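Q: 3D, please:
(4 chains)
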Protein chains: 4
Amino acid sequence: MFKLSRVLHLTTTSRHRLLEVFSSRNVEVGDSLRDRRDFTYSAGISTATNNYAAKGYASDRIFAPYTVYKGKAAFSLSPCLPTFTKLDSGTVVVDRRGSMMITFMHSIGERKYDWEKRQRFALSATEIGSLITMGSQDSSEFFHDPSMLSSNAGQVRKSLSIKPNANSNGYFVSLTVVNNLLNTKDYFSVPVTTAEFAVMKTACSFALPHIMGWDQITNQQSRGTVGLQQKGGSQVLDLEWEK
Amino acid sequence: MFKLSRVLHLTTTSRHRLLEVFSSRNVEVGDSLRDRRDFTYSAGISTATNNYAAKGYASDRIFAPYTVYKGKAAFSLSPCLPTFTKLDSGTVVVDRRGSMMITFMHSIGERKYDWEKRQRFALSATEIGSLITMGSQDSSEFFHDPSMLSSNAGQVRKSLSIKPNANSNGYFVSLTVVNNLLNTKDYFSVPVTTAEFAVMKTACSFALPHIMGWDQITNQQSRGTVGLQQKGGSQVLDLEWEK
Amino acid sequence: MFKLSRVLHLTTTSRHRLLEVFSSRNVEVGDSLRDRRDFTYSAGISTATNNYAAKGYASDRIFAPYTVYKGKAAFSLSPCLPTFTKLDSGTVVVDRRGSMMITFMHSIGERKYDWEKRQRFALSATEIGSLITMGSQDSSEFFHDPSMLSSNAGQVRKSLSIKPNANSNGYFVSLTVVNNLLNTKDYFSVPVTTAEFAVMKTACSFALPHIMGWDQITNQQSRGTVGLQQKGGSQVLDLEWEK
Amino acid sequence: MFKLSRVLHLTTTSRHRLLEVFSSRNVEVGDSLRDRRDFTYSAGISTATNNYAAKGYASDRIFAPYTVYKGKAAFSLSPCLPTFTKLDSGTVVVDRRGSMMITFMHSIGERKYDWEKRQRFALSATEIGSLITMGSQDSSEFFHDPSMLSSNAGQVRKSLSIKPNANSNGYFVSLTVVNNLLNTKDYFSVPVTTAEFAVMKTACSFALPHIMGWDQITNQQSRGTVGLQQKGGSQVLDLEWEK
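A: Model (predicted):
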């Protein structure tokens, strides 16, 4: 774990260091990230690593989220890769789909964000498709119901909305979570600049084929498992016409 | 192989799991994929793996198609990489070209699609070029004749059309297969949203260099087979002017 | 080397195979590549491999050009990676810059192109930048002089022009080579469709970072040579402010 | 190190070679880079390698900057990857953020640029987002203060501006460095063509996910550390709803 003292020291010496301080409840963001005049410098890490270990993730994970910190709330964007299962036949198929995870946190003071009460929204491939084609005047809204097919269907609802601001030079990215079981409602709204949204679009476009698992298909050849045939050893296969 | 019982269980517990059920004839799509309010969540696996093994493919293949499920039909998109042949000289050349395979299936009931009667269309690199430059008002149509150079030329014709819908907020992707030898005609039409088409475009743009085999060229250096020369050991080679 | 008999057989059985036939002088293109109704299927290999071996290239090279075959001429596009030199200090620098090589051939009969009299033009990174930003009404023209700094400067001139056709639904890609030393003038002009140009743009955009050598920079980390530091072992380095 | 005599020889024989000559103070650019009619050929290496070794970098680094040489000044663009730290838990987090480094040099004579008095500006991910979305009429300006959080805050200021030229067919890229401590002011301005800016945009878009460290996330699977699960061995994990 990061040592608090070390990190705080860094905030005064280097603009390029990551400045979040981790505790079990809050994320503190170093001054340099918030005080910059152009206010575009956004920061990184968004998870208490012990949490993940407890859930059975591989310990060797890499965290490099893109985070937009603003006055009342912050959100970070991080790709979640699909998982694959190898069938008895040797074929590998997608087990759990990939997504683009957006994690929202409320501001709870000067450069502090409440990691404990964060809320998440996992954009599917098609929802990412919506985001990356948005023009400066366009809006998007996505609805998720975690208990969709159970007896609790409709009791908890999440909606993520992306709406242009009045000047069309940026967006509001907002998350609403209504939980009728707990009788709670949570709301986050983060203004993003055109530049920040451009990073989101470029990063989502980069990540999309990975989230779809297509990089695994195109990487097969590099790993030498398919593709290279010895001269003369190949049959005529016309994929389109065969079944 | 996926166990049916396991998969059905999953449909009620996880929105992010793949929910197709494989049998020899049909693809059943779990409820969560169809019942979602925004209706944009599309699913994954589109093949009975035993089929492939029978055709002599390498067993170690990865399946991660992008599938658009709609009321009357579904189609999935999956890149097919080129194969290469090593000549006696050591040079590696493309043997069979890559393509973007589109596989259509008819709906045959609630969340069931007929895998057995699927039809395929393999987009070439240039046809992919057409698709990825389509504006919201543009149409494309491609014609393939599998027996083009044989005595059966013109007897079987496939055409794939992509046409904007009335509101210009999406397309109809349709496949017609006319087989004069069997006296059959098959027709599929799947409406796609702007978001789904954005995924198709981004995924096709990502896949295109791989389908062309250019990733193999650019990867040569990483594998250390070309490019790094010892200092002083290189001759002056001006590629443009030499033959 | 490809066997002629084998390749000719393939032309009648598989639309997806490469159909060029290599001889020391000509490239013959199989029927299926030229006779297709949509005329968009373009083919692959463009080199007699023995030539290359003679020039001292690594024998283990991969050829996967994108070729546009038209009635009077054809051209193919293939990325040429930069070469690198390792200095005594261990630093690796670009030795010969990368480029996008365009190779033109005249048609010399039904589906035959004259490989022996080909002419080449190597687009630099910035010239590629020109190409990939061209709108449907834009023109580009590039001039190269192989003997620019020698006493023969101006004696041999190459110019590549890309001009929109009358309907703005495609371009003419033309190469002129004037050699005052040999008193020869060579001219090639190939019409390209919007779809073919889209492939060229997408492929060039993909290749550009590789041609610049930037993939080697970004791949350093994957190879573990830079980037991962042991916790606490790093100094505060503010790259921008240090010299 | 490059031998001067060798490099100078190359300038007269090969247009594709790198032509910079390194000394401890200046960068000399070979004639062919400046004298070309279309003036678009820009060159490569921009660092005296010994400098870097002295600062404790890994010796095995690769240099392949994109440099725009113009009459009064030059600048080069080169991605700086983030560094990572492995925590005790095994999790890897970003330690120092990546950036796109722009290095400016004054011209100090015919094809000579003053490497010793260079000035640098490190674009953050969000600033890169600004750059890659600029239309032909758009301007951007970024401000950095190296001593932002220290007692010297405001004493040294750097600003980078990108402004369209009068004809909107290119930009001026300018850097101002005001140092009140040393009572100095430094100013560089380099005109860039549309083609050169297209290379910058494409290269920055390519580099952005790497600068963000997302390539490390998406590469995890290829390295086999996460993602592939044995059949049946996975639990139901719904990432969005768990904390």
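
Q: could you look up the SS state of residue A:217?
A: helix (DSSP: H, G, I helix; E, B strand; the rest coil).

Q: how much space separates it from residue B:203?
A: Here the distance between residue A:217 and residue B:203 works out to 10 Å (Cβ to Cβ, to the nearest Å). Any C-beta I mention is one placed from the backbone N, CA and C, and that applies to glycine too.

Q: then residue A:79?
A: Residue A:79 is 15 Å from residue B:203, by Cβ to Cβ.

Q: and the nearest residue to residue A:209 once chain neighbours are set aside, which of the three is it?
A: Distances taken as Cβ to Cβ, 6 or more residues apart in numbering or on different chains place residue B:206 nearest to residue A:209, at 4.2 Å, with adjacent residues excluded. For residue B:206, the assignment made with three-state DSSP gives helix.

Q: just the one 4 residues further on next, same as before
A: For residue B:210, the secondary structure call by three-state DSSP comes out as helix.

Q: hang on, it packs against residue B:99?
A: No. Contact criterion Cβ atoms under 8 Å: residue B:210 and residue B:99 do not qualify, at 11.0 Å.

Q: what sits in contact with each of those two?
A: Among the neighbours of residue B:210, those also in contact with residue B:99 (Cβ atoms under 8 Å, 6 or more residues apart in numbering or on different chains) are residue B:79.

Q: residue ranges with poor pLDDT in chain A?
A: Where chain A drops to pLDDT under 70, the residues are A:1-60, A:221-243.

Q: quick one: the helices in it?
A: Counting by DSSP state H, chain A has helices at residues A:4-11, A:31-34, A:49-54, A:125-132, A:194-211, A:214-219.

Q: using CSV, list the CA coordinates for the longest one.
A: Output in CSV follows, covering the C-alpha atoms of helix A:194-211 (Å, rounded to 0.1, in the frame of the first residue of the first chain):
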residue,chain,number,x,y,z
THR,A,194,-14.7,18.8,-24.5
ALA,A,195,-11.1,17.8,-24.0
GLU,A,196,-12.0,15.4,-21.2
PHE,A,197,-14.7,13.9,-23.4
ALA,A,198,-12.3,13.5,-26.2
VAL,A,199,-10.0,11.5,-24.0
MET,A,200,-13.0,9.3,-23.0
LYS,A,201,-14.0,8.8,-26.6
THR,A,202,-10.5,8.0,-27.8
ALA,A,203,-9.9,5.7,-24.8
CYS,A,204,-13.3,3.9,-25.3
SER,A,205,-12.6,3.5,-29.0
PHE,A,206,-9.2,2.0,-28.2
ALA,A,207,-10.7,-0.3,-25.5
LEU,A,208,-13.8,-1.4,-27.4
PRO,A,209,-12.2,-4.2,-29.4
HIS,A,210,-10.5,-5.4,-26.2
ILE,A,211,-13.8,-5.3,-24.3
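
Q: could you give the angle of it to helix A:125-132?
A: 160 degrees (axes from the mean of the first three to the mean of the last three Cα atoms, to 10 degrees).

Q: how close does residue A:103 sit to residue A:66?
A: As judged by Cβ to Cβ, residue A:103 and residue A:66 stand 11 Å apart.

Q: quick check: neighbours shared by those two?
A: Shared contacts of residue A:103 and residue A:66, defined by Cβ under 8 Å, 6+ apart, are found at A:76, A:78.

Q: of the two, which one has the most company?
A: Higher neighbour count among residue A:103 and residue A:66: residue A:66, with 26 against 23, using other Cβ atoms under 10 Å in any protein chain shown.

Q: what about the residue lying closest to that one once chain neighbours are set aside, distance to residue D:205?
A: Of all residues not flanking residue A:66 in the chain, residue A:77 sits nearest, at 4.7 Å (Cβ to Cβ, 6+ apart). Separation of residue A:77 from residue D:205 (Cβ to Cβ): 17 Å.

Q: now do the contacts for residue A:117.
A: By Cβ under 8 Å, 6+ apart, the contact list for residue A:117 reads A:105-106, A:186.

Q: what is the nearest of those residues to chain D?
A: Proximity of those to chain D (Cβ to the nearest Cβ) peaks at residue A:105, which lies at 12.0 Å.

Q: so the closest one sits against residue A:73, correct?
A: Yes. Between residue A:105 and residue A:73 there is a contact at 6.4 Å, judged by Cβ under 8 Å.

Q: who has more neighbours, the two?
A: Higher neighbour count among residue A:105 and residue A:73: residue A:105, with 24 against 21, using other Cβ under 10 Å.

Q: quick one: residue A:162 and residue A:137 touch, right?
A: No. In this structure, residue A:162 is not within contact of residue A:137 by Cβ under 8 Å, at 11.9 Å.

Q: neighbour count winner among those two?
A: Taking other Cβ under 10 Å, residue A:162 and residue A:137 do not tie; residue A:162 has more neighbours (19 against 7).

Q: now do the contacts for the closest residue to residue A:189 other than its chain neighbours.
A: Leaving aside its sequence neighbours, residue A:189 sits nearest to residue A:174 (Cβ to Cβ, 6+ apart; 4.2 Å). Shown in contact with residue A:174 (Cβ under 8 Å, 6+ apart): A:160-163, A:187-190.

Q: do residue A:161 as well
A: Residue A:161 touches A:139-142, A:172-176, counting by Cβ under 8 Å, 6+ apart.

Q: hmm, 10 Å instead?
A: By Cβ atoms under 10 Å, 6 or more residues apart in numbering or on different chains, the contact set of residue A:161 is A:139-143, A:171-176, A:189.

Q: equivalent analysis for residue A:217, please.
A: Each residue near residue A:217 by Cβ under 10 Å, 6+ apart is listed here: A:92, A:209, A:226, B:61-65, B:78-81, B:207, B:210.

Q: which ones among these map onto strands?
A: Among the contacts of residue A:217, the ones falling in strands (DSSP state E) are A:92, B:62-63, B:78-80.
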